[in-house]
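*Asks:* can you look at this prediction? I've put the sequence above it.
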Number of protein chains: 4
Amino acid sequence: MAPTTPKVVVRIDVKKKPWEQELPLHNRWHPHIPPVADVTEAEVFRVEMVDWTGGGVGDNDSAEDIKTLDPTITHYLSGPLRVLDKGGAPARPGDLLAVEICDLGPLPGDEWGYTGTFDRENGGGFLTDHFPCATKAIWYFEGIYAYSPQIPGVRFPGLTHPGIVGTAPSVELLNIWNEREKKLVEDGHESLTLCEVLHQRPLANLPTPENCLLGGIEKGTSEWEKIASEAARTIPGRENGGNCDIKNLSRGSKVYLPVFVDGANLSTGDMHFSQGDGEVSFCGAIEMSGFLELKCEIIRGGMEEYLTPMGPTPLHVNPIFQTGPVEPRFSEWLVFEGISVDESGRQHYLDASVAYKRAVLNAIDYLSKFGYSKEQVYLLLSCCPCEGRISGIVDSPNAVATLAVPIAIFDQDVRPKSSGRVPVGPRVEKRMPDVLRCTYDGNLPVTKNPGGAHTL
Amino acid sequence: MAPTTPKVVVRIDVKKKPWEQELPLHNRWHPHIPPVADVTEAEVFRVEMVDWTGGGVGDNDSAEDIKTLDPTITHYLSGPLRVLDKGGAPARPGDLLAVEICDLGPLPGDEWGYTGTFDRENGGGFLTDHFPCATKAIWYFEGIYAYSPQIPGVRFPGLTHPGIVGTAPSVELLNIWNEREKKLVEDGHESLTLCEVLHQRPLANLPTPENCLLGGIEKGTSEWEKIASEAARTIPGRENGGNCDIKNLSRGSKVYLPVFVDGANLSTGDMHFSQGDGEVSFCGAIEMSGFLELKCEIIRGGMEEYLTPMGPTPLHVNPIFQTGPVEPRFSEWLVFEGISVDESGRQHYLDASVAYKRAVLNAIDYLSKFGYSKEQVYLLLSCCPCEGRISGIVDSPNAVATLAVPIAIFDQDVRPKSSGRVPVGPRVEKRMPDVLRCTYDGNLPVTKNPGGAHTL
Amino acid sequence: MAPTTPKVVVRIDVKKKPWEQELPLHNRWHPHIPPVADVTEAEVFRVEMVDWTGGGVGDNDSAEDIKTLDPTITHYLSGPLRVLDKGGAPARPGDLLAVEICDLGPLPGDEWGYTGTFDRENGGGFLTDHFPCATKAIWYFEGIYAYSPQIPGVRFPGLTHPGIVGTAPSVELLNIWNEREKKLVEDGHESLTLCEVLHQRPLANLPTPENCLLGGIEKGTSEWEKIASEAARTIPGRENGGNCDIKNLSRGSKVYLPVFVDGANLSTGDMHFSQGDGEVSFCGAIEMSGFLELKCEIIRGGMEEYLTPMGPTPLHVNPIFQTGPVEPRFSEWLVFEGISVDESGRQHYLDASVAYKRAVLNAIDYLSKFGYSKEQVYLLLSCCPCEGRISGIVDSPNAVATLAVPIAIFDQDVRPKSSGRVPVGPRVEKRMPDVLRCTYDGNLPVTKNPGGAHTL
Amino acid sequence: MAPTTPKVVVRIDVKKKPWEQELPLHNRWHPHIPPVADVTEAEVFRVEMVDWTGGGVGDNDSAEDIKTLDPTITHYLSGPLRVLDKGGAPARPGDLLAVEICDLGPLPGDEWGYTGTFDRENGGGFLTDHFPCATKAIWYFEGIYAYSPQIPGVRFPGLTHPGIVGTAPSVELLNIWNEREKKLVEDGHESLTLCEVLHQRPLANLPTPENCLLGGIEKGTSEWEKIASEAARTIPGRENGGNCDIKNLSRGSKVYLPVFVDGANLSTGDMHFSQGDGEVSFCGAIEMSGFLELKCEIIRGGMEEYLTPMGPTPLHVNPIFQTGPVEPRFSEWLVFEGISVDESGRQHYLDASVAYKRAVLNAIDYLSKFGYSKEQVYLLLSCCPCEGRISGIVDSPNAVATLAVPIAIFDQDVRPKSSGRVPVGPRVEKRMPDVLRCTYDGNLPVTKNPGGAHTL
């Protein structure tokens, strides 16, 4: 009978740089990046991956590496893999590629990760107007559990998942991406609301040859130049899956990806030991290197059979997935509500992003009453298995979003009590290591918000 | 020892009109609407409620009642209840009111509900540009289960909850509401994106004496006129809780509401046998009359101790709640992704509302391949226990939202299969009763979307 | 369209005695007890039931009623109901009757229950050699939750279920029951192990006319005399279902019962607000009056199609059921192990009953360290939603059984800690009301066990 | 900061025999088997283990190796490990050792396992009178999932766990074990019921030097002879934990073991990829080699503080454990009932073992109607994550046991249906490979059971 130890198709040496690995990595989406290996339907294979920065962040006490990280390097992906059926014929455009995540985890010998916030000028995060500084928390793994010296008093099982699973776009799809994102950057500031402008975050990250890594395409060639100038950045999730950062894409789940090029050209990366819905601090999961054990199935003609384009072309589709059976199980949740009124008191129209921002801010302020600094809670809610819901999206003018936090991850009872909280003042200092102190040195905008929420 | 049959503090006769009930109902938020009864901390009491329309929708084959429903009548609430501590002192502004939902359900003898979509000109819903017609599905209850003659092939246990639980606003908070919502209506069209304008839904519903019901305030008096002209509409959720439509506020959960007036003045209504996250079709839960068995606790000074204002005043807070232990349990979910690119292909910046819209549209189209009409699926996803998540909110420019649908509610296997779907063409007709056919007779906008998504 | 308020087929007045109810009750199994009503496939109907003793136990401070309760009165059942298909033809022997529990609960106005232990001489319980006294705890319901003045510090949601759901036996099956149970009583003491003899519990409860209630059969007639002398007692579960006391037969579950007589003659009773696996204290659930909302389906020929006789005749079968979707959800459990070595140190051969006894005793002793008396914990483990498992049944000579207790039902943290337990000595007295003190006045056997486990 | 890659304290080479490993293994319990390594409180360490037979069963088509397996070889354990506190002081008798299972799994490169039944003369299993033959099924792992060529049509996620976690007994405890088990063997046949005699399984496995492996004790020495003649066999679970075969002792769980000797001397082995409650076929889990990542905590004086002896000495205690958060999650279960009436129709008194046997037999017969052979289902129910419950243990004379099988593990719908089963006759043959055919050649007892249950 057949052995079932998965074939390793991409092997990573975490001591080497991304561009020194045995099989070349890539950090852009482009149809012409050549496959590094073939995999066949029904076989279980193993892909190893560097962390999203390719080792750019260290297991140490300083957030300096986060502060100076160049976003054009991201995300280093393994692949692309060409997927063949049992007869050797490749997946074809129009097929669906069902990818089952049989197992996943950190790389043996590299069982740690980090969560950070970027400086306001360097990408920021969902709450960058409240938390403009670069910060960093290190997480160590004890099997399924993670704990952080920077955020004592919490320990939780990870819902581990790849932030990125995607197929290569076709030339046509790539053009659609580039055009619509370019248009957003060009027109963006006109149509954006004040709240969004205050973010000062990049509206989109357009193609750039800077720090471009294109797998088997040799640098310096004209082919490289052309591809580098048009290859899509990996930051947003798109029609091909990509950086969806969906925390429930974990062990045992199965994702159905549209196929746009011959062979599907499957790439993976950005492993997360754990992440909260929204990944609010941006570098916000517990980021790590890791491995995936995958099994593919080709559903011939599946795009037409199962997906319906939701836009001007047949390519405007999105992946579907089925959840796995072994997520961590919590039965008690404390839930924070938010409505689409921003911190200045301004009313937004059914804006779920604003409502979710307020729910997250409410949770941060609430939990900071239990001895944590707000920076600690911001990082925690970004990476612990909390759930962000769109609860109401129709009751004009307020969208209602909720953020549910599992109570069991804390080593104290964080529920409201009529007998009052246990006084925790002194713990604030104890729990606030240097690495989490604000060191922002940019120019801060004038605060429009006279309330108590700002941390500056 | 003490009997524990809950004291009935508000009794409803569903054969009577809202204004004919034994204790007067109300459909606005205002600090001066007088309490109809007192309840004491720690006692379990029962409140009965009409459905949100007060009997305006019938258990019959026609969507005509939905089509002509006047939104100024909503929502008919029971209360306010004045909450006292065991010594007889009322809850005070600044306290937190912990309300435990010990039990809830439909009213005996009235075990049915309905889900509908409003006409585009009459309020519409989240997808009104795709589904501009008034439609209606009736649901019958068999204990914990609901089924609908209009949407055959599904049956599911309800996660029953009140759409509205709220305390009365203070005069100051009421003024804040009225000002910010008025400003939205005045300025709104300038700042709204095209997508939102296309909705043609009301930006906000400002105070109006039309169909105003103010509990114990006698109509025709100058007091009534004043209150009616300034009392807040009940449609959006706000700082006092209100119409949050949070489906997980079910049996055994406990909500912590801020108190703004003496006695708290707790009101409840808008009972839902079941609802999906977002309540996307607007009249979108399984709407019903029903009862709540509640138990209150006053946390003195709890607002300052546990909540942090997130805005210009100390009143800019939101409720918190803890989930209950008996939600229906599903282990297998099919999940649909959406990104913040709209149906015209336009890129939006980290807009979770657009991403969720696309996830819902993707789910509707997918499930319609299994023999349902799109109108059937739209109503189903609005009222079945599906979960809407904000999965990624930081990866510029795309927010990623997901909609998770429990597979077990269908009487067929709706997963993608390499062997193909079972052909279900003929079932479409069988499953599409007249009440769900589009009867929209308004002026449709020119469709900007050349893709296949539109149903018109 | 059709109304769906369930038809009430048996109505109970809890102020009346069992023999005074509108429709006659019964407390024996016999094929000739006539149906009191007809129900039809697919309709939802409601059956109300007295508690198992028919009001024999009071909501008061004294265990005297438990102490003197005559076991020949039990269990008072509602029914039998004759089940017809949609064409009016009755269920037939050889069919399977699928009974769905759409809803259930306490009777309105009677929201309380009790848990007790019987005196050693009056039936005892699983641990009667450790707890020979009659005791009683009263439970009050707050919606889904129960709490007891006698066992403070715990509150939990009920997994409500009927202790008894059964079909009538045929004459042939009744004879099999009577013969095998009579043989046990006759031969029993020879083959029983010491452990079992020490119990001094009745080996079986054979037919007796004493306190016999036979529904529509008129007392004093020769028919009554004959039936009373041969009708089976309701205490054990058997081939017809009956008193299985399976706690997971709750809302939304569906039980498949074999049909032995025309019409199936379905009877129900012994409602439990909550029960632990094993119902160890015998009167051990939270016993209450209550209602069931049921829906039947007849599977013609289902016995042959789905069941396989496991004995000398085709009648030696057992019911099957499917669990429902809304059980209370706990994520943290403390689990106690037991092996088949009894309290005297004697080794038993793969005896799961002995192993389970030891697991329960271990749990009682452990939890009594947190301020409860052992009597309190014995009653608690009998009625709270704890799970009893047969973990290992093959590793000679030790069966291993486990008892899992949900941690969330306690108002203190009952996990072992290296920092030690909080001292709780004084709470023992506070928590031990008179009703739970041992008042046993029988002749106690000489204790064989020099260890610390005995409570006497 | 500290690296967290677990220290490997025992490394296994599966290509070598148990007695050839780098650190010596052992297959007996004895206080004088010397520790092979030290571990310190709070550190995470890794232990690797051979499968229980040390490679005695092959990944092949023949059950011959199962048939001839010598039970005196079992179980090969890794350890003992001496546990020290952070100051270097060992655990002491009277302490509790909290062992957290941080992670576990198969050994990389050895991702397969097997389930078997032993021949009646060679140990048999729970149902050896029904299934007297040696059979074997091979399972391959695809990450969290297992599938078997011998039992097609099922695939399920494993609830992986060690069958054996235990501390070394003291001399006093060892003597207690040997005495009580010897007494059972001597007196056993007098007190056993017919049912048990029919099993013809060994009543207990007494010490024997045959195939004895004693870690660092050199064979041939008088010390070896003495220890070998008195060391306890590893087959049953006992006061030290040991072979409890508790399937829920999985990732994230924490077991509290009593300490009987200095250093605790922790041993582990018998890894199971998955197992059903009861492990009914004896060699009944998915047996494999594997690894554990553990973390220990010493609770000083914890035995007295938390455990209560349940027998003549303070040593008569049992471990406690807390479940972990990541068990596979199933929401739909089909449940089979059994009562304590055996296959001959004989009534037993509250015998949970007999009731469970009947529940398992009922499940086997039921599921065999869907195209499986009974041998296939017997093996499946032994190793899939099914739950065995003691539902009722007080309703004389019938104990009620239930076996709950998760519906989702089958690739067909196995629920009863009024429309009838899909005919599956031809699948029986297809699904019944040679390795699962009965090849028993012993002397069969005269069958007492005229019913249909016997497979012979």
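*Replies:* All right, it came through fine. Please read all numbers here as calculations on a predicted model, not as lab measurements.
*Asks:* who touches residue A:222 in this structure?
*Replies:* By CB atoms under 8 Å, 6 or more residues apart in numbering or on different chains, no residues touch residue A:222. Yep, even glycine has a C-beta here, placed from its N, CA and C like the rest.
*Asks:* any idea how far it lies from chain D?
*Replies:* 43 Å (CB to the nearest CB, to the nearest Å).
*Asks:* select the longest helix from chain A.
*Replies:* helix A:171-191 (DSSP state H).
*Asks:* mind listing what's buried in that helix?
*Replies:* By neighbour count on 16 or more other CB atoms under 10 Å in any protein chain shown, the buried set for helix A:171-191 is A:173, A:174, A:176, A:177, A:178, A:180, A:181, A:184, A:185, A:188.
*Asks:* and for the closest residue to the fourth one other than its chain neighbours, the neighbour number?
*Replies:* For residue A:177, ignoring the flanking residues on the chain, the nearest one in space by CB to CB, 6 or more residues apart in numbering or on different chains is residue A:232 at 5.1 Å. Number of residues near residue A:232 (other CB atoms under 10 Å in any protein chain shown) recorded here: 23.
*Asks:* same deal with residue A:413?
*Replies:* Neighbours of residue A:413 using other CB under 10 Å come to 12.
*Asks:* what's the closest non-adjacent residue to it?
*Replies:* residue A:407 (7.6 Å).
*Asks:* below-threshold pLDDT in chain A: ranges please.
*Replies:* Applying pLDDT under 70 to chain A flags the ranges A:1-4, A:188-200, A:420-435, A:437-456.
*Asks:* what do you get if the cut-off is 80, keeping everything else the same?
*Replies:* For chain A, the stretches flagged by pLDDT under 80 are A:1-4, A:188-202, A:419-456.
*Asks:* for it, which residue gets nearest to chain C?
*Replies:* Nearest to chain C in chain A, going by CB to the nearest CB, is residue A:331, at a distance of 4.0 Å.
*Asks:* and that residue, which of the three is it?
*Replies:* With DSSP: H, G, I helix; E, B strand; the rest coil as the basis, residue A:331 sits in coil.
*Asks:* do you know how far the residue positioned nearest the centre of chain A is from chain D?
*Replies:* Nearest to the mean C-alpha position of chain A, counting by CA atoms, centre = their mean, stands residue A:245 at 3.7 Å. Taking CB to the nearest CB as the measure, residue A:245 falls 21 Å from chain D.
*Asks:* that residue looks like it's in a helix, true?
*Replies:* No: applying three-state DSSP, one finds residue A:245 to be coil, outside a helix.
*Asks:* specify the beta-bridge partners of the closest residue to it other than its chain neighbours.
*Replies:* The shortest distance from residue A:245 to any non-neighbouring residue, by CB to CB, 6+ apart, is to residue B:392 (4.0 Å). Applying DSSP bridges to residue B:392 gives these bridge partners: residue A:278, residue B:400.
*Asks:* burial of residue B:392, as a residue count?
*Replies:* Residue B:392: 34 neighbours (other CB under 10 Å).
*Asks:* ditto for residue A:88
*Replies:* Neighbours of residue A:88 (other CB under 10 Å): 8.
*Asks:* pretty sure it is in a helix, no?
*Replies:* No: when classified by three-state DSSP, residue A:88 is found to be coil rather than part of a helix.
*Asks:* if I look at residue A:40, how far off is residue A:89?
*Replies:* To residue A:89, residue A:40 is 10 Å away according to CB to CB, to the nearest Å.
*Asks:* neighbour count winner among the two?
*Replies:* residue A:40 (16 against 13).
*Asks:* so what's that one closest to, chain neighbours aside?
*Replies:* Closest to residue A:40 by CB to CB, 6+ apart is residue A:84, at 5.1 Å.
*Asks:* same question for residue A:218.
*Replies:* Nearest one to residue A:218, counting by CB to CB, 6+ apart, is residue A:224 at 6.2 Å.
*Asks:* if residue A:98 is in a bridge, with which residues?
*Replies:* According to DSSP bridges, beta-bridge pairing links residue A:98 with residue A:256, residue A:297.
*Asks:* tell me how many other residues surround it.
*Replies:* Residue A:98 has 23 neighbouring residues, counting by other CB under 10 Å.
*Asks:* so where do the helices sit in chain A?
*Replies:* Using DSSP H, helices in chain A cover A:64-67, A:171-191, A:194-199, A:222-230, A:302-306, A:352-368, A:374-383, A:425-431.
*Asks:* ok, residue A:304 - contacts?
*Replies:* Residue A:304 touches residue A:94, counting by CB under 8 Å, 6+ apart.
*Asks:* run the chain-centre distance for the longest helix of chain A.
*Replies:* 21 Å (CA atoms, centre = their mean, to the nearest Å).
*Asks:* residues contacting that helix, please?
*Replies:* With CB under 8 Å, 6+ apart as the criterion, helix A:171-191 contacts A:29-31, A:169, A:197, A:203-207, A:230-232, A:238-240, A:260, A:313, A:315-316, B:193, B:341, B:345-349, B:397.
*Asks:* restricted to buried residues, select those in PyMOL.
*Replies:* Buried residues among the contacts of helix A:171-191 (16+ other CB under 10 Å), as a PyMOL selection:
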select buried, (chain A and resi 29+30+31+169+203+204+205+207+230+231+232+238+239+240+260+315+316) or (chain B and resi 193+341+345+346+347+348+349+397)
